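Colleague: Below: sequence and its predicted model.
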Amino acid sequence: MPELAATIAESLGHPQGPDVMDDGTVIFAETYRSRLMLCSASGRLSELYRCGGGPNAVLLGSDRQVYFTQNGGQAGDWRADHQRPPALECLNMSTGKVTEICREVEGRPLLAPHDLAWGPDGSLYMTDSGTWAPDGDTEPGAIIAISPRGHAELILDAGHVFPSGIALAGDGTVYWAECYTRRIMRMKKGGSPAEVCTLPPGHTPESLKIDENGNFWVAALEAAGFDIITPNGEIIGFIPTGGLPLNGTLHGGRLYVADLGPFDESQPAPQFLGRIQAVQCNARPWPSFRSTIDM
């Protein structure tokens, strides 16, 4: 099956967690180089902030500040030279000032914060995956919400499942992906976790976004593309992108992809083979929520 994705930028070190500005500029984390990056619509790259450690996801707020997860400095077997405390942080693009929002929740230190999503209540929702160890001892993951006033609340102790991507529906239902189980999960406000579906082998769900029809767009890592899944868990489509897609976002009728590239598992990390890609898909995102956290 041919790749449908056009490469905008390449030779990147584990790009992650993209968001898109109004002018088409993609903002993303480059984990192996411990920095936040900008990629213009023409593919011009520029460094936004060198944060050390391992930035893993970025998300714009309504205040135009950049909220990002800091996993401490890890990705698979790779470890950053400059380790940082795992935390949620915020960058003011106008001043360059960085504010730490939290590094623990209800007395529980963050392990390796992963993905971010705004909710309709104005809170910022986050997965805390822990260290990647699918074949060995692994840490319990968590779903966390940070209120607009900066209060961090443990929504769910997810267990040893490596929760990765996260998204919110208009009614406040939280959806997340579990890499170890290949499940897409949901939890309604005041409810209990429930399974939406389990993806087939070779379709490890790294991230998910919701389109205007309520369908999930899930980065299926080893399958080299995105599964499209209905709200009741039926796979109704597949978008091939090539490589190893880590994350994506819908904007302006396009799917923007952060791709690890043709990574060679027999070789050590870091490998600078990653890409930012774009797929013309004519899908629109679920009406997006953007908020801010006052600190």
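Modeller: Now that the structure is in, tell me what you want to look at.
Colleague: Please, which helix or strand holds the residue nearest to Ile228 when sequence neighbours are not counted?
Modeller: Spatial nearest neighbour of Ile228, chain neighbours left out: Gly237 (3.7 Å); criterion: CB to CB, 6 or more residues apart in numbering. (Glycine included, C-beta is placed from N, CA and C.) Here Gly237, judged by DSSP states H and E, is contained in strand 235-240.
Colleague: so how far is that strand from its chain's centroid?
Modeller: Its chain's C-alpha centre and that of strand 235-240 lie 19 Å apart, by CA atoms, centre = their mean, to the nearest Å.
Colleague: Can you tell me which helices and strands it packs against?
Modeller: strand 225-229 (3 or more CB pairs under 8 Å, 6 or more residues apart in numbering; DSSP states H and E).
Colleague: name the helices or strands packed onto the strand it packs on?
Modeller: Right, strand 225-229 is packed against strand 216-220, strand 235-240, strand 245-251 by 3+ CB pairs under 8 Å, 6+ apart.
Colleague: Deepest-packed of these, please.
Modeller: strand 216-220 (a mean of 27; mean count of other CB atoms under 10 Å).
Colleague: tilt between that one and strand 245-251?
Modeller: Here the directions of strand 216-220 and strand 245-251 differ by 150 degrees (axes from the mean of the first three to the mean of the last three CA atoms, to 10 degrees).
Colleague: Show me what strand 216-220 pairs with in its sheet, parallel or antiparallel.
Modeller: strand 205-210 (antiparallel), strand 225-229 (antiparallel) (DSSP bridges).
Colleague: quick one on the thing from earlier: so what strands line up beside the strand holding Gly237?
Modeller: Sheet partners by DSSP bridges: for strand 235-240, these are strand 225-229 (antiparallel).
Colleague: what separates the strand it pairs with from the chain centre, distance-wise?
Modeller: Distance of strand 225-229 from its chain centroid, counting by CA atoms, centre = their mean, is 15 Å.
Colleague: again, but for stretch 221-240
Modeller: Using CA atoms, centre = their mean, the mean C-alpha position of stretch 221-240 is found 17 Å from that of the whole chain.
Colleague: Mind listing what's buried along it?
Modeller: Leu221, Ala223, Ala224, Gly225, Phe226, Asp227, Ile228, Ile229, Ile235, Phe238, Ile239, Pro240 (16 or more other CB atoms under 10 Å).
Colleague: Please give me every residue in contact with the fourth one.
Modeller: With contact taken as CB atoms under 8 Å, 6 or more residues apart in numbering, Gly225 is in contact with Phe238, Ile239, Pro240, Thr241, Gly242, Pro245.
Colleague: How confident is the prediction for the fifth one, by pLDDT?
Modeller: For Gly242, the pLDDT comes out at 94.
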